[in-house]
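# whatever this is, show me its structure:
(one chain, ligands or ions: 1)
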Amino acid sequence: MSTARRTAGDEACVFDRIVAGELAAHVVLDEPELLGFLDARPVFAGHTLVVPRRHAATIAELPGRLLGPLMDAGRRVGAAQRQGLGADGTLLLLNDIVSQSVPHVHLHVVPRRRGDGLRGFLWPRRRYADEQEAEAVAATVRACLAGPGAVP
Ligand code: DGP
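This next block holds a predicted model:
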């Protein structure tokens with residue numbers, strides 16, 4: 001799933017179509033490897049999606065060298081939202097597979113304001129039962145990161 005213009009079923013990926021100029025979007029960032037445009041259903045005005053031009057459905061499929069530039073674009077768009085839109089801060093968020101409605105990597109850059117009501121909306125927190133449970137979970141992830149199935 002890493003070639004350009006990849007499709008989900010028979011339908012062209014909607015973000016590939018935006019990158020190709022086949023679908024209109026309000027572009028805010030236009031760079032050789034990345035495109036940033038307004039989310040059509042924003043949490044707040046200015047909510048931007050930054051996508052790699054080359055199709056990758058998930059971050060495991062995205063070349064690792066693009067992760068830094070993707071986050072850096074989020075950093076710059078967030079600063080522009082603070083400067084131009086009066087935002088106090090930024091939520092950088094990337095839904096990967098679960099809750100990912102468009103199978104093309106996209107970084108949400110959401111302008112935040114103090115008191116905007118988003119506090120705690122993402123997840124209710126829990127606690128580990130004890131240190132043993134936490135260590136067992138950490139050991140499992142550590143082993144997978146060092147094992148043959150690790151993403152390069
Ligand atoms: P997610 O749920 O994390 O996969 O976010 C996908 C976002 O993509 C969602 O907030 C709405 C946005 N979106 C979906 N289709 C289009 C589109 O055609 N144009 C634009 N600008 N945004 C879209």
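
# interface residues of this protein facing the ligand?
Applying C-beta under 6 Å from any ligand atom, one finds that the chain approaches the ligand through 14, 23, 25, 37-41, 49, 95, 99-102. From N, CA and C alone the C-beta is placed, and that goes for glycine too.

# any regions of the chain where pLDDT drops low?
Along the chain, the parts satisfying pLDDT under 70 run over 1-10, 121.

# what ranges do the helices span in it?
14-19, 67-85, 131-146 (DSSP state H).

# indicate which one of those is closest to residue 112.
Residue 112 lies closest to helix 67-85 among those, at 8.8 Å (C-beta to C-beta).

# which other helices and strands contact the closest one?
Packing partners of helix 67-85 (3 or more C-beta pairs under 8 Å, 6 or more residues apart in numbering; DSSP states H and E): strand 27-30, strand 34-38, strand 48-52, strand 89-93, strand 107-112.

# could you identify which of these is most buried?
The highest average neighbour count among the helices and strands packed on helix 67-85, using mean count of other C-beta atoms under 10 Å, belongs to strand 48-52 at a mean of 25.
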